[in-house]
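*Asks:* model this:
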Amino acid sequence: MNTSRLQKLLCLMEKFGLAGMAFNPGPTMTYLTQLHFHLMERPTVLLVSQAGPSAMVLPALEMGKLATDSEVFKGFTYQDDPATWDIAFEQAGEWLNLRQGTLGVVPTRMRFLELEYLEAALPGLAIVDGQQVIASLRMQKDPDEINKMREAANIAQHALLELLKSIKAGMTEKAIANALIIELLKAGSDPEIPFSPIVAIGGNSANPHAVPTERTLTEGDLLLIDWGASYEGYFSDITRTFTFGEVDPELLHIGEIVLDANRAGRSAGKPGVDAGSVDRGARTVIENAGYGAAFIHRTGHGLGMEAHEAPYIFGENDLILAPGMTFTVEPGIYLPGKGGVRIEDDVVVTETGLESFTDLPRRLLPVEDFLD
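*Replies:* Residues are numbered from 1 along each chain as shown. Next up is the predicted model:
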């Protein structure tokens, strides 16, 4: 268990009035414990009491992972028969002496499976949304976390440059995406990459979350690639858009607009301003160019142990940026049936502004420029 992070969590729980918090396998459990568990059919739950003690309910076969942390939190195990699992949860609840108040959970992570056991074992507690606590706990990265994110960005960029050497006419989106995954692993990414790469050709690039298909790369296409690497549990998330042959002049035009919007968004961010300033800075450029309706998503999202986490970069977000916050800046313009351009960078708030982890060329470049 990381005791300094646990102490910070306890202070936040007190601030938000939570008697306890429950975590199932995922980034926050790993953040607190440095332990990795699979989210599977057997429930694993970390319970933290605001009074101090912590407990973990887990399958007996996983108990060996707690050997070095037995003095920090107590393990309550169960065997394979599901009819007996509730006993471990009841024992953990009794040991923690959680009788009344509120129990915070992460709403995007906690499943019905674990929720049922928690409700039965802790009947005096109201289960509530603990997302604010988690955002406050993890949003500002320490130097070690920032260095890992910088390395994740370096790995991703190196992998893409290797991939671009081999792209040719007739390759499918799926083939390009598969080749990129191989290059990511060769470049040093953790096996569990943050998300499956988005590779979108031609008109498919007008869909921000396109899924790779059998569409092939042909003369006049845009090629949009959104990808990321993982390094020691921390992620990168980058997008670049390329041309293949001579493309429609309007697509080249929106590429210049998105480039300006990306630059404006990165310039707008600094400590002491609200997160919405970054979105407004980028969006104003696109709106002034007449393409406001074609920018159909927020300008960015937080990044770290998850591909999407706080802070979220949308115009109405009044969260004040502070050093150590990390997020993406990714304006885009999408023209259905024609194509789309997105330019995405990973940034960290410093004492004076935003530093970008990513430095690949941002303007539209011909794929042919990178071929061996």
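*Asks:* which parts of the chain belong to which domain?
*Replies:* What automatic domain parsing lists as the domains of the chain is 3-138, 143-370.
*Asks:* just give me how far the helix ranked longest in the chain sits from the chain centre.
*Replies:* Counting by DSSP state H, the longest helix found in the chain is helix 143-164. Centroid separation for helix 143-164 versus its chain: 15 Å, with C-alpha atoms, centre = their mean, to the nearest Å.
*Asks:* and if you look at stretch 17-37?
*Replies:* Worked out by C-alpha atoms, centre = their mean, stretch 17-37 lies 17 Å from the chain centre.
*Asks:* check stretch 357-372 too.
*Replies:* Relative to where its chain is centred, stretch 357-372 has its mean C-alpha point 24 Å off (C-alpha atoms, centre = their mean).
*Asks:* contacts for it?
*Replies:* 149-150, 152-154, 157, 160-161, 164-168, 217, 222-223, 236, 238, 240-245, 251-252, 255-256, 259, 262-263, 341, 343-348 (C-beta atoms under 8 Å, 6 or more residues apart in numbering). Any C-beta I mention is one placed from the backbone N, CA and C, and that applies to glycine too.
*Asks:* which of those are buried, as a ChimeraX select command?
*Replies:* Those of these that count as buried under 16 or more other C-beta atoms under 10 Å are selected in ChimeraX with:
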select :149,150,152,153,154,157,160,164,167,217,222,223,236,238,240,241,242,243,244,251,255,259,262,263,341,343,344,345,346,347,348
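*Asks:* can you report how many residues neighbour Ser49?
*Replies:* By other C-beta atoms under 10 Å, 21 other residues sit near Ser49.
*Asks:* where's it relative to Gly20, distance?
*Replies:* 5 Å (C-beta to C-beta, to the nearest Å).
*Asks:* cool, and Val278?
*Replies:* 35 Å.
*Asks:* ok, these two, which is more surrounded?
*Replies:* Val278 (33 against 26).
*Asks:* need phi/psi at that one.
*Replies:* Val278 has phi and psi values of phi -70, psi -40 when expressed as degrees, to the nearest 10.
*Asks:* wouldn't it be in contact with Val329 here?
*Replies:* Yes: contact between Val278 and Val329 holds when scored by C-beta atoms under 8 Å: they sit 6.3 Å apart.
*Asks:* so what sits against both of the two?
*Replies:* Joint contacts of Val278 and Val329 (C-beta under 8 Å, 6+ apart) are Gly265, Arg266, Gly269, Thr299, Gly300, Ile313.
*Asks:* so can I have a markdown table of the residues you listed showing neighbour count and secondary structure?
*Replies:* Compiled in a markdown table, the shared contacts of Val278 and Val329 are given as follows (neighbours: other C-beta atoms under 10 Å; DSSP: H, G, I helix; E, B strand; the rest coil):
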| residue | neighbour count | secondary structure |
| --- | --- | --- |
| Gly265 | 29 | helix |
| Arg266 | 20 | helix |
| Gly269 | 28 | coil |
| Thr299 | 32 | coil |
| Gly300 | 28 | strand |
| Ile313 | 27 | strand |
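*Asks:* tell me the one among those residues nearest to Gly101.
*Replies:* Gly101 has its nearest neighbour among the shared contacts of Val278 and Val329 in Ile313, at 33.9 Å by C-beta to C-beta.
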